[in-house]
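Student: just a sequence and a predicted model for now, questions to come.
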Amino acid sequence: MADDPLVLVAQTGAVRTLTLNRPAALNSFTAAMHRELRAALDAVAADTGVRCLVLTGAGRGFCAGQDLNDAEGGFDAGEVIERLYKPLVLRIASMPVPVIAMVNGVAAGAGANIALGCDIVIAARSASFIQAFSKIALIPDAGGTWLLPRLVGRAKALGLALTGDKLPAEAAERLGLIWAVVDDAALTEQTMALAQRLAAMSVKALAATRRALDDATMLDLAAALSNEARVQGELARGADFREGVAAFLDKRSAKFSDR
């Protein structure tokens, strides 16, 4: 229905799930869906009660990329990337909580790279990833040119990007493109179990880990070591570190609260 929300929001404990909700179009992006997703992500970032985020798609697909029929999105691909995809990718990369992509079906084009830009990708066995850009005479976007060589190396990245071939989830796991593949029927249960596990950890430290790893790809060893020292010093002055040490010494489970 036209009035249905384009992003569904659900909460289970400290885990929030955002579901792209254009199933008839395989959840392909429109400008309107971008606005709703950005607002939902901003709401997660502002809500201290959320400690992990799951991003998924409704129906039989995760996201088929950009809806090329979206008149509001315009036909200037570069402008659409700068105005819509760049802020979305940067918002996901800067979330103060861990982000899990639960890939329930095809993830193609920008949809594939939005998923790969999340912290952990769990895919159903029937899911697939497609760098579909070369089929329409474009290059990988939504962070694809940055992500792919870092995830799988230049040779595999070029192969995926140039051919645009469909990559089954199990092959994506073998390449190191994603974290895990699970049976379709177990996807939600296993993803939520991981999300609840991460939500119980020090999410401040988890978000800092993401930043440190990403920063290190652009630093030499000495600079990376200095960055580790700086971030470690900041975390060691926090309540979660004190709680973690106390819980370890007391042989009990830690109760983390920083975010």
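Tutor: Nice, I can see it. Numbering: from 1, shown residues only.
Student: what residues does stretch 187-195 touch?
Tutor: Contact with stretch 187-195 is made by 12, 15, 52, 54, 56, 100, 102, 104, 120, 122-124, 180, 182, as judged by Cβ atoms under 8 Å, 6 or more residues apart in numbering. Every C-beta, even on glycine, is put in place using the N, C-alpha and C of the backbone.
Student: buried subset of those residues?
Tutor: Applying 16 or more other Cβ atoms under 10 Å to the contacts of stretch 187-195, the neighbour count classes 15, 52, 54, 56, 100, 102, 104, 120, 122-124, 182 as buried.
Student: restricted to strands, list the residues you listed.
Tutor: 15, 52, 54, 56, 100, 102, 120, 122-124, 182 (DSSP state E).
Student: how about the strands in the stretch 1-150 of the chain?
Tutor: Using DSSP state E, counting those that start in this stretch, the strands of the stretch 1-150 of the chain run over residues 7-12, 15-20, 52-57, 61-63, 99-103, 106-108, 120-124, 128-130.
Student: strand partners of the second one, parallel vs antiparallel please.
Tutor: Strands adjacent to strand 15-20 in the sheet, as given by DSSP bridges, are strand 7-12 (antiparallel), strand 52-57 (parallel).
Student: mind putting those strands in TSV, distance to residue 115 and mean pLDDT included?
Tutor: TSV is the format used below for those (distance: least, Cβ to Cβ, whole Å; pLDDT from 0 to 100):
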stretch	distance to residue 115	mean pLDDT
strand 7-12	15	97
strand 52-57	8	98
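Student: how about those strands in a markdown table, adding distance to residue 91?
Tutor: Listed next are the strands paired with strand 15-20 as a markdown table, based on distance: least, Cβ to Cβ, whole Å:
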| stretch | distance to residue 91 |
| --- | --- |
| strand 7-12 | 13 |
| strand 52-57 | 11 |
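Student: for residue 231, which of the ones you listed is the nearest?
Tutor: With distances scored as Cβ to Cβ, the stretch of the strands paired with strand 15-20 nearest to residue 231 is strand 52-57 (20.5 Å).
Student: count of residues packed around residue 152?
Tutor: Neighbourhood size, residue 152 [other Cβ atoms under 10 Å]: 18.
Student: might one say that it is in contact with residue 173?
Tutor: No: taking Cβ atoms under 8 Å as the definition, residue 152 is not a contact partner of residue 173, at 11.4 Å.
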